[in-house]
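Chemist: sharing a model that was predicted from the sequence below.
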Amino acid sequence: MSGVGIVCFTSCYLIALCLEITRVFFRSAIRNAFVLLWILAGLTAHTFYLYYHTAVFPEVNSARTYFLVSAWGLVIASICLSHFRPKTPFGIVLLPLALLLIGGAILVPDTLNSVQRSEFNLIYRNIHTGTFFLATLALSIGFTAGVLYLIQDRQLRLKRPPFSLFLLPSLEWSLKICRYSVWSALFFLATSIVFGVLLKLNFSVSRNVSIFDPLVIGSIILFIALACFSEKLFSSAKGKPAALLALFIFSFLILVLLLAVLLNNSHWQEVVR
Amino acid sequence: MNLRCIGIDHQSSSLEVRELLAFSPQQTAEALTAWLGQQPDIEAVLLSTCNRTEFYFASETNEIPEIETAVKFLFSQKQGPEKGFTLASHIFSLAGLDAVKHLFSVASGLDSMVLGEVQILSQVKAAYQTADGIGTVGAILHTVFQAAFNTAKQIAAQTELHRHRVSIPSIAVSDFASQIFEVFEGKKICVFGAGEMGQETVRYLIENGAKSLTVLNRSRERAEQLAAQFNGRTADWNLRFDELKNADMLISTTGASEPVLTLADYRKIEPLRNGKPLFILDLSVPRDIDKEIANCSGVYLYSIDDLQEVCLRNRLQRDKEIPKAVSIVERSADELLQRFNHRNSGKVIERLREKLSQIQAQELERLFHKLPELSEKEREEISYAFQRFAGKFLHQPLETLRDASREETPFKLLDALARLFRLREF
């Protein structure tokens, strides 16, 4: 199993995505089973890859691992959501996001450090990176719900009947998921920032992480945006601005991650030293 | 196939006529019990809905009652034979494959007044179960009805006949309201006016879980009647804007000549709603609700024209599916007929083979008795040669029989075979 490569699971996810896209064109009684089959095959290969190729899985200890674990989480989220609403094409939104993250993992160099760490440092670091990963996951789900909300809203405004080949979730459901996702992301991001600060203050090992690091600045801006807008928007029952907020925040997160990748950011390595 | 069907439906007769031959579930059971007493060997199923009364009867033998006998029986059960004959001109009758195709079309909603309606399948199932419970269902009707259920299932899975709703209330609730709200339970419904279509829409919503209903009408009495019908409450017409502050859905069916909710009125309520979505169904002509309200945040406004447009589109979509559904009916009926024909031929073929193998066994026994010096291997070879001879001898006639069975049961051929080889009655 150590021979499993990124291509294996990426291909499986791509096939599953292609099958999901066919929902738009024709009806099939067996498609869901095939989609699940390919996703599960990909997920198994993905899990083995993480186990064998990222020495200390499930620790998130490099940019590549972060991207791969996030993609892995998104695929699981896609399976769970599709299980509860089999007629809704969550995969069409979530699988491309997962593939995007895998693409990110391919682009960044694998700079895993095998520096000795204290157990205390390890716990702090895992909470810091783990909660950032969960925030990413929550924001991705929020993004998916937001996209589905906007499509459904547009359909209803144009007075068009539901699509006959697949079902979009109701506005009420999408909005609820958007809210839960943004609130969860707020909590996870706050925890991640707090533990990042603690790592910076308490461990000399993280001294090289600057406050001007794109990931640090990005996370803080994300947190402030979430805290300011979500309270205001979600205290009212308005749906469209909330969906747009989920989309905007997720796009910002992607921008931050892209910046971190393009600037060959040292944040990932510093926290493990 | 010895199957016949007589009946009246929405195509052959008016509602007044159909009412005369409508059977309640209890009357259906009584009629079938009477049939069992009169014709114990003839299978029967009686299907009675608001749009049709149909009587299917069948027999495994060649003996089957004439159409007139069944018609007389049906009338005698419902209203006496004398009066019954005045209805005879409305009765249609079908036999064999036509009856099968008709049943398949009925079960799949192809023959319904509202094309593709799904309730009919459960009504056909209920009719079959009633007959089965009484004991009037035998091998033929069991096979035919099971095939009808399968055909209906196939049509539902392979076509979009049932997917497009065609009534205004069902489109309003299933195609639009349910795209906004995940559940209707706990949603506040406001009804302006007490129009018939509004009532239908409320019925749909209540069936889908809505509970909180407030009816507002200029005539308080009519509002109370409607509210009582659906366990709702009434409110004074002048308080309609206050009621709208917390409403999730508004159904308006007043006969007012001017809008009862203008944009200016809504603008006053809007801040108090805190952005909560409002589904508005304006089923009045002229409009009750100012169309500009549709541009307000969180408002989803649908007029009767919007819904009728979808209704028309859905009807066209359903119509497009008819050829596909009809071809499934045709194919399933042909398959069923072939199964029946092969079953009838199969009995004769089986008996013919039995007879030949008996002769074969007797002749081999005689031969082996006369030639006791034959070794085991020689005996085996001789037995094998006999078998091959019998197989080759039968091959051509059986092929001919099989070919003939594809279209219909070849009763003449089967009869000839039975006579020539003196087979038992098949």
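Modeler: Received it, and whenever you're ready, just let me know what you need.
Chemist: so where's the chain uncertain?
Modeler: Unless you meant another one, I'm taking chain A. A:1-3, A:54-62, A:109-121, A:203-212, A:231-237, A:262-273 (pLDDT under 70).
Chemist: try again with chain B
Modeler: Scanning chain B for pLDDT under 70 picks out B:1, B:62, B:79-87, B:407, B:424-426.
Chemist: show me what from it comes close to chain A.
Modeler: Counting by CB under 8 Å from any CB of the partner chain, the positions of chain B adjacent to chain A are B:157, B:160, B:163-164, B:171, B:175-176, B:178-183, B:273-277, B:294, B:297-298, B:300, B:302, B:306, B:309-310, B:313-314, B:317. C-betas here are computed from N, CA, C, even on glycine.
Chemist: buried ones in stretch B:259-267?
Modeler: Neighbour-count burial for stretch B:259-267, with 16 or more other CB atoms under 10 Å in any protein chain shown as criterion, is recorded at B:259-261, B:263, B:265-266.
Chemist: repeat that for stretch A:247-263.
Modeler: Neighbour-count burial for stretch A:247-263 flags A:247, A:249-250, A:252-254, A:256-257, A:260-261 (criterion: 16+ other CB under 10 Å).
Chemist: check stretch B:189-201 too.
Modeler: Here stretch B:189-201 shows B:189-195, B:197-201 as buried, counting by 16+ other CB under 10 Å.
Chemist: same question, stretch A:165-184
Modeler: Applying 16+ other CB under 10 Å to stretch A:165-184 flags A:165, A:167-175, A:177-179, A:181-184 as buried.
Chemist: strands of the stretch 151-300 of chain B, residue ranges please.
Modeler: B:188-192, B:212-216, B:233-235, B:249-252, B:278-282, B:299-303 (DSSP state E, counting those that start in this stretch).
Chemist: name the residues that touch the fifth one?
Modeler: Spelled out, that is strand B:278-282. B:172, B:176-177, B:180-181, B:201, B:244, B:247-252, B:288-289, B:293, B:298-304, B:307 (CB atoms under 8 Å, 6 or more residues apart in numbering or on different chains).
Chemist: up against chain B, what does chain A have?
Modeler: Counting by CB under 8 Å from any CB, chain A sits next to chain B at A:27, A:29, A:152, A:155-157, A:159-162, A:164, A:168-173, A:176, A:236-240.
Chemist: now with 7 Å?
Modeler: A:29, A:152, A:156, A:159, A:161-162, A:164, A:170-173, A:236-239 (CB under 7 Å from any CB of the partner chain).
Chemist: the longest helix seen in chain A: what's the following helix or strand?
Modeler: In chain A, with assignment by DSSP state H, the single longest helix is helix A:119-157. Of the helices and strands lying after helix A:119-157 in sequence (DSSP states H and E), the nearest is helix A:171-202.
Chemist: helices and strands around the helix or strand where residue B:364 lies, which ones?
Modeler: Using DSSP H and E, residue B:364 maps to helix B:304-370. Contact partners of helix B:304-370 among helices and strands, from 3 or more CB pairs under 7 Å, 6 or more residues apart in numbering or on different chains; DSSP states H and E: helix B:96-107, helix B:139-158, helix B:168-170, helix B:376-405, helix B:411-420.
Chemist: what's the closest of those helices to residue B:340?
Modeler: With CB to CB as the criterion, residue B:340 lies closest to helix B:139-158 of those, at 7.5 Å.
Chemist: who touches the closest one?
Modeler: Residues outside helix B:139-158 that contact it (CB atoms under 7 Å, 6 or more residues apart in numbering or on different chains) are A:29, B:2-3, B:43, B:45, B:56, B:58, B:60, B:100, B:103-104, B:107-108, B:121, B:124-125, B:128, B:161-162, B:325, B:328-329, B:332, B:336.
Chemist: tell me which residue of the stretch 151-300 of chain B lies closest to chain A.
Modeler: residue B:275 (3.3 Å; CB to the nearest CB).
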